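**Student:** With the sequence up front, the predicted model follows.
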Amino acid sequence: MAETPRKTCKASHITLSQMMQPDQANVMGNVHGGWIMKLVDEAGGLACIRHSNSRCVTVAIDQMTFKHPIRIGDLVVLEADVSYTGRTSMETEVNVYAENVITGQRWHTNKAYLVYVALDENGRPKPVPPVIPETDEEKDRFEAGEARQTHRLKQARLAEKQDKNGQA
């Protein structure tokens, strides 16, 4: 089997922007967290599709903490990049910003890490191009992503073991 070509982090970069509307918010005018989570998943998935040139499915979403509310009329800007790759999986870092388009004020509302698996034409996991971190920031993100993935796999093994013990 031929070696999968490597790609840079910035080759997967995606930016999504969407104006928040009343149907996306609660009665207080704050956008529903679930709506933002949907957009985060979409941005992360698109970055992975761009990186792997294949269909991808979401495997995990790490915690998401909202630092600031997003209001009706704010422009939400999501930026996503592949930060770490395994054999068939990819982690994306997605940053979310809200912007008041009238004043130009922009603030960071949250960040999330998501994991996706690339799929072949039969719906089976397929190898992905290794990501090449170029900058110091990308290298730090890659190392942190590797540590997060090790932790996720450890937690999954522990949960599987607990499930087996609970079913006995």
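**Tutor:** Now that the structure is in, tell me what you want to look at.
**Student:** which one is Y97 nearest to, not counting chain neighbours?
**Tutor:** Spatial nearest neighbour of Y97, chain neighbours left out: V77 (4.5 Å); criterion: Cβ to Cβ, 6 or more residues apart in numbering. For every residue, glycine as well, the C-beta is placed using N, CA and C.
**Student:** burial measure for the one you found, as a count.
**Tutor:** Neighbourhood size, V77 [other Cβ atoms under 10 Å]: 19.
**Student:** Look at it and give its secondary structure.
**Tutor:** Put simply, V77 is strand when judged by DSSP: H, G, I helix; E, B strand; the rest coil.
**Student:** for this protein, what spans make up the helices?
**Tutor:** 33-52, 136-167 (DSSP state H).
**Student:** Relative to Y113, which of the ones you listed is closest?
**Tutor:** Across the helices of the chain, Y113 has its closest neighbour in helix 136-167 (6.3 Å, Cβ to Cβ).
**Student:** what's the spacing between R106 and V40?
**Tutor:** Relative to V40, R106 is positioned 17 Å away (Cβ to Cβ, to the nearest Å).
**Student:** Those two: which is more packed in?
**Tutor:** V40 (25 against 14).
**Student:** list the contacts for that one?
**Tutor:** For V40, the contact set (Cβ atoms under 8 Å, 6 or more residues apart in numbering) comprises I61, M64, L78, V94, V96, A112, L114.
**Student:** If we use 6 Å, what do you get?
**Tutor:** The contact partners of V40, by Cβ atoms under 6 Å, 6 or more residues apart in numbering, come to V94, A112.
**Student:** Likewise for Q21?
**Tutor:** Listed by Cβ under 6 Å, 6+ apart, Q21 has no contact partners.
**Student:** where does it land on pLDDT?
**Tutor:** On the pLDDT scale, Q21 is placed at 96.
**Student:** Touching, M19 and V76? I think so.
**Tutor:** No - assessed by Cβ atoms under 6 Å, M19 is found out of contact with V76, at 7.8 Å.
**Student:** Settle it for me: which of those two has more neighbours?
**Tutor:** Remark: of M19 and V76, V76 carries more neighbours, 21 against 12, as counted by other Cβ under 10 Å.
**Student:** so the more buried one makes contact with Q18?
**Tutor:** Yes - with contact defined as Cβ under 6 Å, V76 and Q18 form a contacting pair (5.3 Å).
**Student:** For stretch 72-90, buried residues please.
**Tutor:** 72-74, 76-86, 88-90 (16 or more other Cβ atoms under 10 Å).
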